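> Sequence first, predicted model second:
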Amino acid sequence: MKTHKIHIVFAVVLAMSSLLPVLWKSKLQTEIALSTMEAEYVALSQACKDLFPFLDMVKELGNAVGIPVDKNTNMHVQVHEDNVGALTLGRLEPKRMTPRSKHYAIKYHWFREQIGSRNIKLVKVDTHDQLGDIFTKGLGGVPLRHLRLKLMGW
């Protein structure tokens with residue numbers, strides 16, 4: 001049986017006139033997944049675990065400097081995922097599962113409840129446009145240049 005351990009990689013960028021990376025992480029998963037979908041879903045859950053406190057901190061900073069932030073204030077947050085299976089499972093209502101995802105540990109499903117209440121969109125991104133690859137893969141000249149320019153907002 002093939003098992004999967006992938007790097008959990010994410011980058012949090014602020015989109016103003018250009019993209020501004022403010023937080024990124026690259027870490028090897030500690031648990032072994034039985035499928036690529038499970039490994040990607042675990043990585044999605046871990047990314048949200050670090051993203052949500054960051055969003056809360058941004059709201060608190062807004063309040064501290066006099067920018068009114070209330071329940072009607074929305075930040076436009078997108079989480080990019082290149083695995084269709086993980087994306088499909090992440091978009092399901094919190095209590096629903098797929099036949100292949102029933103065995104996933106409950107600790108990875110919590111973020112689905114937060115996605116809707118925080119107005120976060122899970123977005124499919126092409127594998128060649130996945131910004132996290134710049135932090136973990138030994139990319140050649142053309143892909144490296146493409147992702148670097150994309151990260152800089154060009």
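That came through fine.

> Would you mind confirming that M37 makes contact with A86?
Yes. Contact between M37 and A86 holds when scored by CB atoms under 8 Å: they sit 5.5 Å apart. Yep, even glycine has a C-beta here, placed from its N, CA and C like the rest.

> mind checking the SS state of the residue lying farthest from the centre of the chain?
Largest separation from the mean C-alpha position in the chain: G66, at 29.2 Å (CA atoms, centre = their mean). Of the three states, G66 takes coil according to DSSP: H, G, I helix; E, B strand; the rest coil.

> next one: the one 3 residues further on
On the three-state scheme (three-state DSSP), V69 is labelled coil.

> got any ranges where this structure has weak pLDDT?
Within the chain, the set of residues satisfying pLDDT under 70 comprises 1-22, 70-74, 94, 98-103, 105-106, 152-154.

> Helices of that one, start to end?
With DSSP state H as the definition, the chain shows helices at residue ranges 36-64, 84-91, 111-117, 133-136, 141-151.

> Make JSON lines from those and add distance to T30 and mean neighbour count to it.
Formatted as JSON lines, the entries for the helices of the chain read as follows, by distance: least, CB to CB, whole Å; neighbours: other CB atoms under 10 Å:
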{"stretch": "helix 36-64", "distance to T30": "10", "mean neighbour count": "17"}
{"stretch": "helix 84-91", "distance to T30": "18", "mean neighbour count": "18"}
{"stretch": "helix 111-117", "distance to T30": "18", "mean neighbour count": "15"}
{"stretch": "helix 133-136", "distance to T30": "16", "mean neighbour count": "17"}
{"stretch": "helix 141-151", "distance to T30": "27", "mean neighbour count": "13"}
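
> Perfect, that will be all.
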